[in-house]
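# prediction below, plus the sequence it came from.
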Amino acid sequence: MVHQHSSGPRLSQGSYEEDIALLLAPRLAYFAGVARHEHVTRAAQETGVPQSTLSRAMVRLEEDLGVALFARKGRTVSLTPAGRTFLASVERALAEVEKAADSVRADADPTAGKVAFGFLHTMGSETVPELIRAFRVDHPRIRFTLVQNYGEAMIERLRAGELDLCLTSPVPDAPDLVARRLDEQRLRLVVPDDHRLAGRKRIRLAEAADETFVTLEPGYGLRRITDDLCSLAGFTPRIAFEGEETETLRGLVAAGLGVALLPPPAVPRPGVVELTVTAPRAVREIGVAWLDGHPDTVPVAAFKRFLLSRRGALLPD
């Protein structure tokens, strides 16, 4: 192997980190092959690369690093101390790359891949378990990574590439997202069972204008809907507590801390009465969202089709 001068790019002082990845990464597997065989011809045969190409790549690698990695005698080579140190790190790096490749191939496997799926807290007790159970009848080996959070947080994770799909409310309207309305859920005014309105079955929301409310924190979709409905009813709610979970709010209503606009509970809770709101129309839309232009793996595409097929029948009776 003869050293040759090259006019190609070199590691620059000002952009070292960028250049190191650009220049060195393609040559690491070649280096490991030559180091393993200590023979250029045999390494070229194993990698399927012409011997001349392999030789030039090793020369360029040493020039880019500014360190001699091999001691040469004809086509036979042996590692220098620097080469042995470099090889240990290269082998670890290549093993991590192969591990990552295996992982993404497994996640995209048509029959046993992975779906990263986000959903609202209020969808967790019944809706999502039932969806996954029904989907896995025909796709028993597909795996799920599940994230339970409020709407804005899930949209952020969708944009970050951490989720493939999410169930959220309100249905988002953003240029970088695709969203489809799947269902709607009636909201009820929840009051303590000893409240002055507890004997009613229906109520106009304006009748609760003087009440104190317990709500979710700003940023939650249900909080935005609550504020909007109260505004339509002609008042701004007085807030006694802002929480993160609807069943906590129900408990606080039962304790007499205030009233709340909430979706139906999974299991009826003692201590409260749930009133139908007749005006304004108190519902929240539930939709599925994904990143526009993001290619789907086969498992993600299958689950997306399944969710869209449940339009109008997403929520349990």
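Looks like it came in fine.

# helices along this structure, start to end?
Remark: helices assigned in the chain by DSSP state H are 16-24, 28-37, 40-47, 51-65, 81-107, 127-138, 151-159, 221-232, 246-254, 298-309.

# looking at those, which has the lowest confidence?
Lowest mean pLDDT within the helices of the chain: helix 16-24, a mean of 54.

# count the neighbours of the closest residue to Phe306 other than its chain neighbours for me.
Closest residue in space to Phe306, ignoring its immediate chain neighbours: Phe135 at 5.1 Å, by CB to CB, 6 or more residues apart in numbering. Quick note: C-beta positions are derived from backbone N, CA and C, even for glycine. A count of neighbours around Phe135, defined by other CB atoms under 10 Å, yields 19.

# Phe135: what's it in contact with?
Contacts for Phe135 (CB atoms under 8 Å, 6 or more residues apart in numbering) come out as 142, 302-303, 306.

# top of those by neighbour count?
Within the contacts of Phe135, Phe303 tops the neighbour count with 24 neighbours, counted by other CB under 10 Å.

# ok, now which ones touch that one?
Shown in contact with Phe303 (CB under 8 Å, 6+ apart): 115, 117, 135, 139, 142, 164-165.

# for these, which one is nearest Arg196?
Within the contacts of Phe303, the smallest distance to Arg196 is 42.8 Å, found for Phe117 (CB to CB).

# so the closest one makes contact with Leu146?
Yes: judged on CB atoms under 8 Å, Phe117 makes contact with Leu146 at a distance of 5.7 Å.

# give me the common contacts of the two.
Jointly contacting Phe117 and Leu146 under the rule CB under 8 Å, 6+ apart are Val128.

# could you work out which of the helices of the chain reaches nearest to Pro280?
helix 221-232 (4.3 Å).

# angle of the closest one against helix 151-159?
130 degrees (axes from the mean of the first three to the mean of the last three CA atoms, to 10 degrees).

# what packs against helix 221-232?
For helix 221-232, the packing partners by 3 or more CB pairs under 8 Å, 6 or more residues apart in numbering; DSSP states H and E come out as strand 212-216, strand 260-262, strand 283-291.

# got the contact list for stretch 225-236?
Contacts for stretch 225-236 (CB under 8 Å, 6+ apart): 169-170, 187, 204-206, 208-209, 213, 215-216, 237, 261, 277, 279-280, 282, 284.

# same check, this time on stretch 42-52
For stretch 42-52, the surrounding residues in contact (CB under 8 Å, 6+ apart) are 29-30, 33-34, 36-37, 40-41, 53-54, 57, 75.

# weed out the non-buried ones from the residues you listed.
Buried members of the contacts of stretch 42-52, scored by 16 or more other CB atoms under 10 Å, are 29-30, 33-34, 37, 40, 54, 57.

# hang on, the earlier thing: just the closest of the contacts of stretch 42-52 to Gly312, please.
Closest to Gly312, out of all of those and judged by CB to CB, is Ala29, at 52.8 Å.
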